[in-house]
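Trainee: Sequence first, predicted coordinates after that:
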Amino acid sequence: TQAISLQAPPTQRLASTFVLAAPIAGKSKEAEIKRINKELANIRSKFKGDKALDGYSKKKYVCKLLFIFLLGHDIDFGHMEAVNLLSSNKYTEKQIGYLFISVLVNSNSELIRLINNAIKNDLASRNPTFMCLALHCIANVGSREMAEAFASEIPRILVAGDTMDSVKQSAALCLLRLYKTSPDLVPMGEWTSRVVHLLNDQHMGVVTAAVSLITCLCKKNPDDFKTCVSLAVSRLSRIVSSASTDLQDYTYYFVPAPWLSVKLLRLLQCYPPPEDAAVKGRLVECLETVLNKAQEPPKSKKVQHSNAKNAILFEAISLIIHYDSEPNLLVRACNQLGQFLQHRETNLRYLALESMCTLASSEFSHEAVKTHIETVINALKVRGVGVKCSLLIQNHKTKSSLLQHLDSASNASLSVAILAEKYAVDYSWYVDTILNLIRIAGDYVSEEVWYRVIQIVINRDDVQGYAAKTVFEALQAPACHENMVKVGGYILGEFGNLIAGDPRSSPLVQFNLLHSKFHLCSVATRALLLSTYIKFINLFPETKATIQEVLRSDSQIRNADVELQQRAVEYLKLSSIASTDVLATVLEEMPPFPERESSILAKLKKKKGPGAGSELDDGKKEPGAEINGGMEPSASTASTPSPSADLLGLRAAPPASLAAPTSAGNLLVDVFSDSPAAAPGLAPGTDENFLSLAPCDSSSLLSSLHHPLLLPLPAMLSAGAAASVCEDPALPLSEADELLNKFVCKNNGVLFENQLLQIGVKSEFRQNLGRMYLFYGNKTSVQFQSFTPTRLPQLNIQTKAVDPLVEGGAQVQQVLNIECLSDFTLAPLINIKFRYGGTLQNITLKLPITLNKFFQATEMQSQDFFQRWKQLSLPQQESQKIFKANHPMDPEVTKAKLLGFGSALLDKVDPNPDNFVGAGIIQTKSLQVGCLLRLEPNAQAQMYRLTLRTSKEAVSRHLCELLSEQF
């Protein structure tokens, strides 16, 4: 970031004023306050009493006020005198006035109009010194009000032909500051094409400032500035090929213009490789020259020389990685980084590892990276770089090597556990890896690691049998770490029945295997094993006698440890007197754990501080290399974390109270309150922002996803996301239907959540109209930029613009007004794109808008119901489905779901009181469709029969399908 400051130092007389005031701060606090109060009283009297203060006196007193403020004391006067100094023709007086305003005047001040007028006068004066002071003040204040007043004036000054170089430099940096704070107020226009040519300016300071400005501008408007690529390559070529004597004023310890070189290389990373062969060839020459200079002996032993030289080198390597199209350069870059891995300077090793992580995902340099694996493994022993080393487990061969060396790199075990979880390709692999981690480095594996693997196994039905088999085999090793015994005891106690059919792992074999480890373990582990034994009695009744004998032994019921003794006595009594049903209830299988922050990630944060987790996010990820719950899901793998998909466990737990405060980890907890403020009233008569739902078929919807004019909603394109604008939206997530089904009988909830983004929904419907609130929450600490919701063409959706910036931990709201034109079967789609950590996220979901949302409940008597039922007796008007219950058959829950579905429940209509009968009308703009339903539960068979009759075949079939999925 470019620093903007007032340039000229105070005069000698002004400096003496500071010297006189400085002793104030050197005495005791009481003496300081006494002296300050005396000085403030004197200054106040001068301002009020003597109306004929000359410019120097005003400057002196305003300067003293500024100094007192910087000492930490409040200043509530002198602002008008500072504004008066702005009209002075003397530089020092004007400088102090601007300095005071920059520090003490806020954007809400009543004086802001006077200040703006003074700044306008100085900008129009054509005095370069005064113009620079005014520009510095605008940049230092940087408020939205300043942007509104001067955002259109500054570009004109910047590109004017008669503007002095120093003013151009200040104008570029001032415009950069205003664009960063209020990008929507900086107009793009004719000046954008002219500012690019500042890269050819002879003044290097102007070029440096212009590159910073263009880099920021082109991230949002890449097409407007694409001509800068050839100019940047040309300028970079001249700098790289020049000798240190050619640019004497801009040479830093024998390195020509290092800051400008770095900025040019960063600018080029905003665009793909140049298409012009000549430009591309020249750029490749520049990069080769930078790599060659890295091999040359240093021209100075000063650290500043090596820092400047390496800054250019690492930025050049970043550009090479960004292009990922020059195999020779990629391999050379990898070899250069390999040399840095062995450097004695820790920072260099760290930077090299960071770049190496990104290189590992390139097909051209993948093999070259492998040659440095041993060096990386050795670097694990060094504190501070362990996590960066561990990031290289992105490829599986490296993961194996890392595990093999854990015995000599204990400080990396926690990082390995986190990264194994983050980059797991499936849950079986994850279980294998963590058990290997415990086997190899058990002494260094904290409790949080095995807690986490237990949580994942409990929450994943498809991995429980595999985990039981794997841990059973691991326990057969002669030397088994105690942490392995803990995992084995827990998993076998819950899921040992899944492998009990094999004679080699029969119930008694499992018990004997665990009990053989019992006497070698600590008290805590023994207590866990006793709980496993009582679980075995419930799972395997044939083991009851054997286990009771163990519990009855003196070593248990007379144990010196109170906890072990109590467990043994209580478990023995429970197994003796409880009936089978009671025992099964008390010892039933553990329910899924509620989703919460990963215990091992919390452990890392505790060890390394609040920002520790962020370093795991660095670098580019290999597409598809991580599981859906990862920190940065790729476009093809992003999905909603659930008990079965969120390995890292950062998904916020359901709010305990609707009034709970909002936080970055649980962004939507206060969205679904029933307060009027949370849900503005529905306005059916509104003629703006309507989403029209019409019939569509699967092929038309899917084909529209790939329409070249399709714009995503919302397109969260961060600065520099040029590539994402033209990338097709992803196909709907594989679990999109599952997410949609959760909202069939409810209107509020979290539609989607991963570890970057949370999307909440709150909706209400009346007749054929509806209003939906979408809440986009940024769960990270990094700002999402250019948050720009746009419409989906196939749905004719129009919405008001949301805030273009979403700060870390913040959320923005979007309102959809909906009108149902006719019946439909497919839910509308929503596509979200944004960049995070350099990786494009591309997620397509189904909005929770289903036909039953436009149900109007209808009450009717028994006679009317059966009369209407008989009228809808044609085969095509009825849809019936018999299906097995997927959830406990609770009548109250069933009733709540049917009411949530939208129909009215009719009491005492069906002769069988256990059946449910409902009626309603589907309201659309073009027609109304009457609907009658009957749900017949069979608790004994755990089955349902659902019958729906409507006047339209497609509606009957679709509603029957929707409702049957809820039970």
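Mentor: Great, that's in hand.

Trainee: Next one, pLDDT for residue 707 please.
Mentor: For residue 707, the model assigns a pLDDT of 28.

Trainee: I'd guessed residue 330 sits against residue 318; true?
Mentor: No. Counting by C-beta atoms under 8 Å, residue 318 is not a contact partner of residue 330; they are 12.0 Å apart. In this view, the C-beta of every residue, glycine as well, is placed from N, C-alpha and C.

Trainee: neighbour count winner among those two?
Mentor: The residue with the greater number of neighbours, taking residue 330 and residue 318 and applying other C-beta atoms under 10 Å, is residue 330; the counts read 23 against 19.

Trainee: what about that one, which SS state?
Mentor: Three-state secondary structure (criterion: DSSP: H, G, I helix; E, B strand; the rest coil) places residue 330 in helix.

Trainee: Check residue 909 too.
Mentor: The three-state label for residue 909, taken from three-state DSSP, comes out as coil.

Trainee: go on, residue 816?
Mentor: Here residue 816 takes the strand state, with states given by three-state DSSP.

Trainee: Enumerate every residue touching the closest residue to it other than its chain neighbours.
Mentor: Sequence neighbours aside, residue 772 is the residue nearest to residue 816 in space, at 4.4 Å (criterion: C-beta to C-beta, 6 or more residues apart in numbering). With contacts defined as C-beta atoms under 8 Å, 6 or more residues apart in numbering, residue 772 is in contact with 761-763, 815-816, 818, 847, 849.

Trainee: Which ChimeraX command selects the buried ones in these?
Mentor: With 16 or more other C-beta atoms under 10 Å as the criterion, this ChimeraX line picks the buried residues out of those:
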select :761,762,763,816,818,847,849
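
Trainee: Among the contacts of residue 772, which one sits closest to residue 932?
Mentor: Nearest to residue 932, judged by C-beta to C-beta, of the contacts of residue 772 is residue 849 at 23.3 Å.

Trainee: pretty sure that closest one is in contact with residue 827, am I right?
Mentor: Yes. Taking C-beta under 8 Å as the contact criterion, residue 849 and residue 827 are neighbours in contact, 5.7 Å apart.

Trainee: what does the domain assignment say about this structure?
Mentor: Residue ranges for each domain of the chain read 1-104, 227-323, 324-395, 734-848, 852-965, as given by the TED database.

Trainee: What's the mean pLDDT across the shortest one?
Mentor: In this case it means domain 324-395. Per-residue pLDDT values across domain 324-395 average out to 73.

Trainee: and the residue sitting nearest the centre point of the chain, how far is that from residue 555?
Mentor: For the chain, the residue sitting closest to the mean C-alpha position, by C-alpha atoms, centre = their mean, is residue 756 at 2.3 Å. Counting by C-beta to C-beta, to the nearest Å, the separation of residue 756 from residue 555 is 53 Å.

Trainee: swap in residue 131?
Mentor: If you measure residue 131 against residue 555 using C-beta to C-beta, the figure is 90 Å.

Trainee: So those two - more neighbours on which side?
Mentor: Taking other C-beta under 10 Å, residue 131 and residue 555 do not tie; residue 131 has more neighbours (22 against 12).

Trainee: Name the helix or strand for the more buried one, please.
Mentor: Assessed by DSSP states H and E, residue 131 sits inside helix 128-141.

Trainee: Buried residues, that helix. List them.
Mentor: 129-141.

Trainee: Repeat that for stretch 37-55.
Mentor: Under the neighbour-count criterion of 16+ other C-beta under 10 Å, stretch 37-55 has 39-40, 43, 47, 53, 55 buried.

Trainee: swap in stretch 753-772?
Mentor: Residues of stretch 753-772 classed as buried under the neighbour-count rule (16+ other C-beta under 10 Å) are 753-765, 767-772.

Trainee: So what would you say the end-to-end distance of that stretch is?
Mentor: Counting by C-alpha to C-alpha, to the nearest Å, the length from the leading to the trailing residue of stretch 753-772 is 18 Å.

Trainee: how close does residue 271 sit to residue 214?
Mentor: For residue 271, the distance to residue 214 under the criterion C-beta to C-beta works out to 11 Å.

Trainee: What pLDDT does the model give the residue nearest to residue 189 when sequence neighbours are not counted?
Mentor: Setting aside the residues directly before and after it, residue 189 is nearest to residue 155 in space (C-beta to C-beta, 6+ apart), at 7.4 Å. The score at residue 155 is 89. That number is its pLDDT.

Trainee: Hmm, residue 155 is touching residue 175, no?
Mentor: Yes. Taking contacts as C-beta under 8 Å, residue 155 lies within contact range of residue 175: 6.3 Å.

Trainee: and for these two, which residues touch both?
Mentor: When contacts are counted by C-beta under 8 Å, 6+ apart, residue 155 and residue 175 have residue 186 as shared neighbours.

Trainee: Between the two, which is the more surrounded one?
Mentor: Between residue 155 and residue 175, residue 175 has the larger neighbour count (other C-beta under 10 Å), namely 28 against 23.

Trainee: Mind checking what secondary structure residue 775 has?
Mentor: strand.

Trainee: Identify the residues contacting residue 309.
Mentor: With contacts defined as C-beta under 8 Å, 6+ apart, residue 309 is in contact with 255, 258, 293-294, 298.

Trainee: Low-confidence ranges, the stretch 1-150 of the chain, go.
Mentor: Counting by pLDDT under 70, the stretch 1-150 of the chain shows low-confidence ranges at 1-27, 50-51, 107-108.

Trainee: which stretches of it form helices?
Mentor: Counting by DSSP state H, counting those that start in this stretch, the stretch 1-150 of the chain has helices at residues 12-21, 29-49, 55-70, 79-85, 91-104, 112-124, 128-141, 144-150.

Trainee: Pipe those into TSV and attach distance to residue 932 per row.
Mentor: Conversion of the helices of the stretch 1-150 of the chain to TSV gives the following (distance: least, C-beta to C-beta, whole Å):
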stretch	distance to residue 932
helix 12-21	88
helix 29-49	83
helix 55-70	76
helix 79-85	75
helix 91-104	73
helix 112-124	67
helix 128-141	68
helix 144-150	58
